[in-house]
Each structure stands twice: as C-alpha cells, then as structure tokens.
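Peer 1: Any chance you can model this:
(3 chains)
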Amino acid sequence: MQWEIVIGLEVHAQLSTQSKIFSGASIAYGAMPNTQACLVDLALPGVLPVLNRGAVERAIKFGLAIGAKINSPSIFARKNYFYPDLPKGYQISQYELPIVEGGDIRIQMGETEKQIRLTRAHLEEDAGKSLHEDFHSMSGIDLNRAGTPLLEIVSEPDMRSSTEAVAYAKTLHSLVRWIGICDGNMQEGSFRCDANVSVRPRGSETLGTRCEIKNLNSFRFLEKAIEFEAERQIEILEDGGCVRQETRLFDANKGETRTMRSKEDANDYRYFPDPDLLPVEIASDWIAQLQKTLPELPQTRRARYVSEFGLSAYDASVLTGSRELSDYFEATVKLLPAQAKLCANWIMGEISARLNKTDMDVVACPVAPETLAVLLSRIDDGTISGKAAKTVFDSLWQGEMEQQVDAIIDAKGLKQITDDSAIEQQIDDVLAANTQLVTDFRSGKEKAFNALVGQVMKATKGKANPAQVNAMLKKRLSD
Amino acid sequence: MLNDSLKQLAKRLAEKEVSSVELTTEFLKRINQLNPKYNAFITVDDEKSLEQARAADRKIAAGEAGPLTGIPVAQKDIFCTQGWLTTCGSKMLSNFVSPYDAGVIERFNAAGAVNVGKTNMDEFAMGSSNENSYYGPVKNPWGINAVPGGSSGGSACAVAARMAPAATGTDTGGSIRQPAAFCGISGIKPTYGTVSRYGMIAFASSLDQGGPMAKSAEDLALMLNVMTGFDARDSTSLQREAEDYTRDLEKPLLGLRIGLPKEYFAEGMHSDVEKAIEQALDEYRRLGAETLEVSLPNSPLSIPVYYVLAPAEASSNLSRFDGVRYGYRTEYYEDLRDMYRKTRGEGFGPEVKRRILIGTYVLSHGYYDAYYIQAQKVRRLIAQDFKQAFTQCDVIMGPTAPSVAFDLGEKSSDPVQMYLSDIYTSAASLAGLPGMSVPVGFGEKNRPVGLHIIGNYFSEASMLNAAHQYQQVTDWHQKMPGL
Amino acid sequence: MTLSIDDVKQIADLAYIKVDEDEAKAALAKLSDIFKLIETMQAVDTTGVTPMSHAQDLVQRLREDRVNESDQRELYQSIAPQVEAGLYLVPKVIE
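Peer 2: Numbers count the residues shown, from 1 in each chain, chains lettered A, B, ... in the order given. Got it, this is the predicted structure:
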C-alpha cells in the first residue's frame, strides 16, 4: 500500500523580552540556577501574575506578519498538572480566545510555493528545568526558565513530508527572527518544535491516529524524528496493528522515538480562565501602531525580487531566507540595480559558500555590500572577467589592500585587455604562427576557430575579453 | 483603654499619655493571658511587636504620626508577613516563614501600625467555624462552647476579647462578616479589587477580598483608609483615587432607602436573630431611613454556585503546595509521585481536601460545562439581581447569618449545614459587592447577632455612615464579653 | 449524578492527594451530600447568559517589560525542604 504522511507542527518560540511574562525577573540565558527565579516564578503563597506588555506586543506582531486575526479580548487560562518544574501546579496558557487565530505561512518547495495554514498562536509561560545529574538519586530543579514568555504556534496538519515540515519550520524560524520577536537560538531552546505525525493510505481523507514527538531542537532532528516515526507507524499498520495515540520523545543518540513515561497517565488538564488575570483587550490603534513598526516581510520581498529584479521564485526564497541575507542583497543591489541577477548569483554562490565554510553569519561578512557592488560593477563594465573577480574576492575576504577593489585588480594585473589594437596585434601573431589552423577553418572545420581563440587568450595570458576576441577573430577570418 | 476606639487610642498616643510600647505591652499581656483559653492567635512574638512599637514611638516623637501609628493590629495568618511564621492555618505551611510582606502588611507597616500577632483561621480560609484550623479551634468570647465563626475566627475573637483594638480578615463567601456577627464586632468586606490580594494566600481568587474587623464602623473606616489602594502587583487591583472612608460618617440618614430582600426575611432565619434584626431596622426608621421590600430571586442559589466556583479556583490555587520549594514535605516516600501525594494527603486537612476534590471534579473533562460554566452563568444572574435592587434602594439589609454562633462540634460533621451558615453572605461575594456586619443585639444563650449591610460597588463610605449613625444611638458595639 | 468510591479515588489521583480506603469512604458520603446541594443550581435556565469569571468587568493591565527583580536565591532557598548547589531537590524525575 502507498502511505501518506500527515504532519502538523507545534513550535514554541521564546519571545525576546527583557523580563518574564508574568514577573519582573530576567530571562537572560545561562545564569546560575535559581538566581533568576523571583517570588512569582517560585509560586510562593500569595503571589500574583501581571502580564508583560512586551510579550503581548510580540504576539501581535507575529499575528500581523502571518495575516492572522488578533483576538480582543484574549483570555488566559490555567492548564493544571503536576510536575516539579511547574511551580504553581498549573501553567498559565491560553485555551479559548488565543491572542492569534488563523493566518498562514508560505513555504517554497523548489519553484512551487505551498501554503501551510496556522490554527493559532497563543501566549504561555515556560516551565523550569529538571536536571537529571545524580544528586543522591534525586533530581535538581532550576526555575530560572520558569515564566519565560513563549508563543506557541500551532499549524494545521498541512505538511506531507519531513522535507515540507523542515521547510515550514525554517520559514517560521526565519520569520520570527525577521520581525524581531525571537532570537531563534535553537541550542538554547529559544525555538523548539513538537511534531504531530500520522500516516494514512494515500487517497484517504480521514486522518490516522497521531503521535506527538517532543524535544526536537534542531531541523535535522525534526527531519529524522518524523522519518523514523512515520516508518514506525507504517510498520505497525502493515503488520495489522493499531497506532496508539501518545506523546513520544526523540532520542537523538539512537535516532529513535520512544514513549514518554511522564506523559503516560491520560491527562485531564482542567483548563479554566485564570481568575488572577483579566481579559486582555487589544485596541485597534495599538495594532495599527505595531503594524507600522513591522519591517518589509519576507513574502513581500520575495514577490518583489521576482517582479522587480526578474529573479526566479527559488532564488528569491533563498535570498529571503534570513533578514540579514536579504538586507545584504538589498544593500548590494541598490548600488547595482541593473545587475540584480549577478548580485543574486554572487551572494547565493561565492558569499554563502564562504560564510558556510567559515560558519559565519552574513552580518559578520568581511566583504561589505558596498565593496561587493564595486567588484561586481567591474565585471559589469568589462574591467575584469568573472574568473578574475573570484581572485579579487579572495583578496577582499582576506582584507588585503584595505579592500580597495581597483587597487587589487591593478596589483594583480587582472585587468582585461579591451584595447582593439592590442588584441589585433595578438591576432596577427597567432594567425601567422598557425597557418594550418587557418586553413582548417577555411575548409569548414569549426573546431579550428575555437583553437585559434584559445591561442589568442593564451597569448594575452587570459586577460583579453573572450567575447571581444571572438568577435574580432571572426571578422578577420571572414575578410 | 482596652475598650477605646482607634481614635481615642491615637489621641492618647499623640498626647503622650501612653507610648506605643506601653500600649503594645498592654495588649500583649492580655493576649498572653487569654490566648491559651481562646486560641485566637497562632503566632505571637513580643519582641518583634515591641520593636515595631519602638519605631512607632520614634515616629510619634518626630511628629510623623498618622491615624494608626503605634496602634496594635492583629493580622490574619493568611497575610504573608516577612520574618513571621505564616501558616494560613495549615500543617502545609506550619514551617513557612514568609520571605516577603503582603501588600496589606506593607501598608500597615508604612502607617506605623504594630503587628501584635498572627490570628488563627480555618485552614486556607475554608470554613465557617474555625474548627478547620491545624492549630485547633478558636473559642467564642461570648460563650466558650460556641464557635467564633470563620474563617477569620481568630481575628474576630481577638477584637471581641479586646486582645487587639482591630484586626484584619479576609472574606471569600462571608469570612469577615459571619465571624464578626458571631463575636459581636464590626467587619467589612469592601468592593472586590479595593484591597490588594498580593501576599494574601489565595483561596478563591475571583472572590477573595481583605478587609478590617474592629469594634465600630468608625474604626473600620480608619482601617480601610490604610488597607485599600492600588497595587500594581495584583492584576485585579483597581486603579482609583484614594478615598477617605471617614468622610461621610456624620451624615444624617434621613431619606436613606433600605432594601430588605424578601428572600432573606423568610424561612431559615432563626427567630432570635429575626427579633434583633427587626429592632435594628426600627432604629433605622427612627433615624429617618425608610425600608422597602426588594427581591434577589437568584440569591438562594448563591451557596451551590459558591461551592462550585470557590472549590474550582481553590483546587488550582492549592496545587503549588507540593513540598518542593517551601512548606511541609512528607518524611517517607518511594518516588516523586508518592512524595507529592503523601505531602498533600498529610499536609492538608479534611475540609481542604474535600474542597480540592470538589473543585477538581467540577473542572474535569465532561463536567466543566454542567458545573463550572453553569455556576458562572448563575453568578451573573445573582449579580444582576443586585443591580436591579440597587435601582430601588441605597443599601440592602438583613441578617448576617441565620442563627447566632452555634456550638463547637455542632456542624463539623455535616459540611452542608456548615456551608449554609454563609447563605446570606456569599451572594455579595459572588457579585463583588461590599458587605459588612455590625452587632445589633443578642439572641439565644446571649450570643451576638449581626446586621448585614450590602452596598453598591464603591459605596463603603455610605455603608459605614449607615453603621456609624446606628452606633451613635446604640451601644451594642461597645458590649464586652465577661471573660 | 451519583459518585462512586472509584470516582473519589480517581479525583484524588488527579489532585495528587493520597487517600486511604477509609478516607475515601468518608469523603464519598460527604461529597455526595454536597453535590446534591450543588445540583440545585442546574435547574436554572441560563440560556444566553454570559459566564461571569471575574467580580468586575475590567480588562487586564499590562506591565512594562522591565527587569526589576534581583537574585534572592539564598533567602528563598532558606525555607526549602531540600536544596543542593542552588537546585531544589526532588525524587528522580523520569521523562
């Protein structure tokens, strides 16, 4: 039987506020245990939550960026369960009337675009951490993370492969960073994915029983976990079994998913509106004001790159993969508007390759967009060849000669010979020394022409403009 | 001096007739003498109190005294008090020395009041008789076999027995008003949101409200002036201009329209209570007020609604007591789950556990709509009844409780009977309205009767005015039990 | 609705409260009475009534995003049942 994989993602994006969602404690990463857990975070008797404006603002910005509805009023609810990293015995989250409802994300699969619908995005507080190092067979609880603001972004089950799921996660990751609501640091847990995976016979309209896989803190794990889980479910079904709905944990070392023991008892979370928090009203002028602070969004830029610069949809999506990369492109193309494709090729090619190789972010790129634009304009005006430009780029990357493009071209003698009379001289010499080739060409052997071009190029040590040589040689031989 | 009003005490302090240290010593002496019998206090710390008294004396000497500077006030053990054991009447917090002050405690400290001790209460404020305290029941100064009411029974007893000139209480369904009535003192639960809940250990967040307990309406007004005010740490705290609750005390009552809900003057009210209430209403008529019948048709449902909503919120509020970060932790356990279950099984008393179970049940899957949502809807109907009634009258009056204080043990084995002693008080709590109780005489076994006054939102000053004018022509509030 | 002893145990389980057989039995009798009282409100027609979650019809006030808490670990952990290396200790957590 042919199986179809159905995937929905729940992403927890940590919001880039200064303080926690309901208290004034810092959310800075890496502090000594429990030094950033205040009375509210520790759930002392009598303490109360007060909502952080910064968290609400970021959620609204996200809603605006995905074209969703911003609910007003929006309600906070308590999700009740016991766990030592959850000090109150309930998590303040949202159930009915989440702050963001609907909207969509467009992912680029090659040259085609696919729409992934979002169900909702709601605000909630993070839990603390249980440290399993052995303290006399006990666990240690660090509550620094408790109360950190999260936006839980829930998609519809619209993805059909691990590749699509990864593309969605990457697009979302780029978006939350793009609009400045989350730093996206996956190692530190600022962007965490849970995947709901089910399989069904291809063509079937009904959804299969799903399993939720937790703890996917890299795109690679997300991909591997989905693939493993889909295989596992298919195997069960093909053996005539039934998939059990459960929460599973991805074990990165084994590349497997397994049942999460702490989630085994069927939970009844007893959601109810938090009586300590009142309905949140979001005035339309606040929304309008936030709308103004939003930068041009990746999807808008993507469309513009296609229509304005004539780039392919694929190139446009690569260039808008991050705001930094896109800004780099924008800064370059602004100086060289007629050569957008050349700019795009260089940024996606040479620049990206170098950055990858050195594990560097584009903001730290040693070659500034202005410098790159000068270099590319030298290709454009015929001063140097594309090949020579790569040599110049090497020097620029190394920071040689104060990154003066023209000085480097001169010093390395990379300037193309474009002077007609100089080329004419070389052509004369080559034709004189290669009479056989000339004869061959005249008798109809086209290959001989290419050999003659090669000889001229060789004689100019590659500095002649090949197109120019070609044209002039053709003219001479047809005389 | 023990029977002095707060104003009289402040005058003695201002005129240097007595120092705060002397005054505090006097009340501490009385506490140490009477508390073994009445069990009104869980914690008394002479040295801590005297330290505050010395600071108050310095303030008085420097001419910086306010109306409550140097005056001893007993604090219900539900208010977190830095450096003091704060138990909430529970074994669960029997070792909890609070690392911070509640908003209310901060306000009393800033006013220079002296904390003379933490008063006994029903565990986590759940109870109407003070028999649910881990620290044992409080006795009623008007009869050693009678309950003082609850949950603020310790505070009511402390004021009635003149162990403190005034005290704080909290009221979720009647926990200030009912013990005030049972002990023959005055008490007011102001409009929800006027007293900060920060640091007041939560029972049912949408109902809990702190308030003062004292001998007279005038004393309550002075206490409210200190206790109320915006607190940014409590999202439900109201941002309002500060008001002087004494401002209307002296107004005549001529033309005051008193609404008498027909549902309250019906079956259920004991005849001794009814007699005292009718006499009080006569007094009001003599003072120029008029009485008229109003109706609160849904208020008989306030007890069932209350016993869905309060336990639901409580079941969640009390989940933080798990033996991990503070408080009681069971001694022997097998694993994490066992530690939780034993800690909570041993740390909570039977009534608290009962209410957690009720609350857990009504919130659980499949019952939420039928119980919790239905209760919230009826809650709105109850609030709307009051809105309608207040188009006809200025204040509502009736009995605070159906009977005078019952005997210890009389209802402790029958929770439903116990719950029904809040039948008249819980409706105002559900609506968030201010309610108060003032002593208006004695019923059976010479036990006090309280008149319940319910006002519209933010009408505390008018309610206090009504109570004060009554207290100008009667002396029930000055009656002291023979101890 | 009639509660059974198993219901009581199940609710207690959900509430993480250990109850023994006798306690469960005693609780059952009392809870049944209480639910009889509670159920009197279910007859009320509440069609079209908006549930009332709060005592006042107000909206949430928002706090400015500022850090105003400092490290108080020593004070806060002085009242903890068991701590080590700045961590709260609990019986082993299994994921």
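
Peer 1: quick one: the strands in chain C?
Peer 2: C:62-63, C:83-84, C:87-91 (DSSP state E).

Peer 1: what sits against residue 56?
Peer 2: Answering for chain A, as no chain was given. A:99, A:123, A:280, A:282, C:62 (Cβ atoms under 8 Å, 6 or more residues apart in numbering or on different chains). The way it works is simple: take the backbone N, C-alpha and C, and place the C-beta from them, glycine included.

Peer 1: Chain C was what I was after
Peer 2: C:Gln56 neighbours (Cβ under 8 Å, 6+ apart): B:192-193, B:236, B:238, B:432, B:457.

Peer 1: do stretch B:27-42 and chain A meet at all?
Peer 2: No - residues of stretch B:27-42 are not located near chain A by Cβ under 8 Å from any Cβ of the partner chain, the shortest gap being 14.8 Å.

Peer 1: Not counting that stretch itself, show me its contacts.
Peer 2: Here stretch B:27-42 makes contact (Cβ under 8 Å, 6+ apart) with B:2, B:44, B:46, B:49-50, B:72, B:74, B:77, B:85, B:87, B:89, B:116-121, B:133, B:135-139, B:141, B:144, B:148, B:153-155, B:157-158, B:161-165, B:483.

Peer 1: Can you point out the buried residues in that stretch?
Peer 2: B:27-28, B:30-31, B:34-35, B:38-42 (16 or more other Cβ atoms under 10 Å in any protein chain shown).

Peer 1: Torsion angles phi and psi at whatever residue of the stretch 251-400 of chain B ends up closest to chain A?
Peer 2: Residue nearest to chain A within the stretch 251-400 of chain B: B:Ser319 (2.4 Å; Cβ to the nearest Cβ). Main-chain torsions, B:Ser319, degrees, to the nearest 10: phi -70, psi -20.

Peer 1: pLDDT score assigned to A:Ala266?
Peer 2: Looking at A:Ala266, its pLDDT stands at 58.

Peer 1: The one 3 residues further on too?
Peer 2: We note a pLDDT of 95 for A:Tyr269 in this prediction.

Peer 1: what sits opposite the closest residue to it other than its chain neighbours in the beta ladder?
Peer 2: Nearest residue to A:Tyr269 in three dimensions, chain neighbours excluded: A:Lys79, at 4.7 Å (Cβ to Cβ, 6 or more residues apart in numbering or on different chains). Judged by DSSP bridges, the bridge partners of A:Lys79 are A:Gln91.

Peer 1: any idea of the pLDDT on A:Lys79?
Peer 2: Per the predicted model, pLDDT is 97 at A:Lys79.

Peer 1: Equivalent analysis for the one 10 residues further on, please.
Peer 2: The model reports A:Gly89 with a pLDDT of 97.

Peer 1: Next: the one 5 residues further on.
Peer 2: What the model reports for A:Gln94 is a pLDDT of 98.

Peer 1: who's in contact with it?
Peer 2: Contacts of A:Gln94 by Cβ under 8 Å, 6+ apart are A:74-77, A:122-124.

Peer 1: would JSON lines of those with neighbour count, secondary structure and distance to C:Ile11 be doable?
Peer 2: Shown next, in JSON lines, are the contacts of A:Gln94 (neighbours: other Cβ atoms under 10 Å in any protein chain shown; DSSP: H, G, I helix; E, B strand; the rest coil; distance: Cβ to Cβ, whole Å):
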{"residue": "A:Ser74", "neighbour count": "23", "secondary structure": "strand", "distance to C:Ile11": "31"}
{"residue": "A:Ile75", "neighbour count": "20", "secondary structure": "coil", "distance to C:Ile11": "26"}
{"residue": "A:Phe76", "neighbour count": "29", "secondary structure": "coil", "distance to C:Ile11": "25"}
{"residue": "A:Ala77", "neighbour count": "23", "secondary structure": "strand", "distance to C:Ile11": "20"}
{"residue": "A:His122", "neighbour count": "24", "secondary structure": "strand", "distance to C:Ile11": "28"}
{"residue": "A:Leu123", "neighbour count": "25", "secondary structure": "strand", "distance to C:Ile11": "30"}
{"residue": "A:Glu124", "neighbour count": "21", "secondary structure": "strand", "distance to C:Ile11": "26"}
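
Peer 1: any idea which helix or strand carries the residue in the stretch 51-200 of chain B positioned nearest to chain C?
Peer 2: Nearest to chain C in the stretch 51-200 of chain B, going by Cβ to the nearest Cβ, is B:Tyr192, at a distance of 3.7 Å. B:Tyr192 belongs to no helix or strand when assigned by DSSP states H and E.

Peer 1: wouldn't B:Ala276 be in contact with B:Pro439 here?
Peer 2: No - the criterion here is Cβ atoms under 8 Å, and B:Ala276 misses it with B:Pro439 at 9.1 Å.

Peer 1: ok so, going back, near chain C too, which of the contacts of A:Gln94?
Peer 2: Answer for the contacts of A:Gln94 near chain C (Cβ under 8 Å from any Cβ): A:Phe76.

Peer 1: what sits against whatever residue of the stretch 351-479 of chain A ends up closest to chain B?
Peer 2: Proximity of the stretch 351-479 of chain A to chain B (Cβ to the nearest Cβ) peaks at A:Val363, 38.6 Å away. By Cβ under 8 Å, 6+ apart, A:Val363 lies in contact with A:Glu324.

Peer 1: That one belongs to a helix, doesn't it?
Peer 2: Yes - assessed with DSSP: H, G, I helix; E, B strand; the rest coil, A:Val363 lies in a helix.

Peer 1: What number of residues are in the vicinity of C:Met65?
Peer 2: Not quite, residue C:65 is Asp, not Met. 21 (other Cβ atoms under 10 Å in any protein chain shown).

Peer 1: Quick check: it touching A:Arg58?
Peer 2: No - the criterion here is Cβ under 8 Å, and C:Asp65 misses it with A:Arg58 at 9.5 Å.

Peer 1: Now do the shared contacts for these two.
Peer 2: Residues touching both C:Asp65 and A:Arg58 (Cβ under 8 Å, 6+ apart): A:Thr17.

Peer 1: Run the contact check for stretch A:62-73 versus chain C.
Peer 2: Yes - for a cut-off given as Cβ under 8 Å from any Cβ, stretch A:62-73 has contacts with chain C, namely A:Pro73.

Peer 1: who's in contact with that stretch?
Peer 2: So stretch A:62-73 is in contact with A:13, A:60, A:97-105, A:118, A:121, A:151, A:153, A:175-176, A:178-179, A:181, A:279-283, A:287, A:290-291, A:294, A:297, C:59, going by Cβ under 8 Å, 6+ apart.

Peer 1: any idea of the pLDDT on the closest residue to A:Ser395 other than its chain neighbours?
Peer 2: Sequence neighbours aside, A:Ile408 is the residue nearest to A:Ser395 in space, at 4.8 Å (criterion: Cβ to Cβ, 6+ apart). pLDDT for A:Ile408: 92.

Peer 1: quick one: A:Ile408 and A:Val367, what's the gap?
Peer 2: 12 Å (Cβ to Cβ, to the nearest Å).

Peer 1: Could you do B:Gln52 as well?
Peer 2: 70 Å.

Peer 1: returning to what we had before: confirm for me that the residue nearest to A:Tyr269 is in contact with A:Gly89.
Peer 2: No - judged on Cβ under 8 Å, A:Lys79 makes no contact with A:Gly89 at a distance of 10.3 Å.

Peer 1: Quick one: residues contacting the residue nearest to B:Asp335 when sequence neighbours are not counted.
Peer 2: Once flanking residues are discounted, B:Asp335 sits nearest to C:Pro91: 5.1 Å by Cβ to Cβ, 6+ apart. Shown in contact with C:Pro91 (Cβ under 8 Å, 6+ apart): A:137-139, B:333-336, B:338-339.

Peer 1: Separate out the buried members of these.
Peer 2: With burial judged by 16+ other Cβ under 10 Å, the buried subset of those is A:138-139, B:333, B:336, B:339.

Peer 1: Pick the one among those closest to A:Gly203.
Peer 2: B:Leu336 (46.4 Å; Cβ to Cβ).

Peer 1: Can you tell me how far the closest residue in space to A:Ile347 that isn't next to it in sequence is from chain B?
Peer 2: Using Cβ to Cβ, 6+ apart and skipping residues adjacent in sequence, the residue nearest A:Ile347 is A:Phe329, 5.4 Å away. According to Cβ to the nearest Cβ, to the nearest Å, A:Phe329 and chain B sit 45 Å apart.
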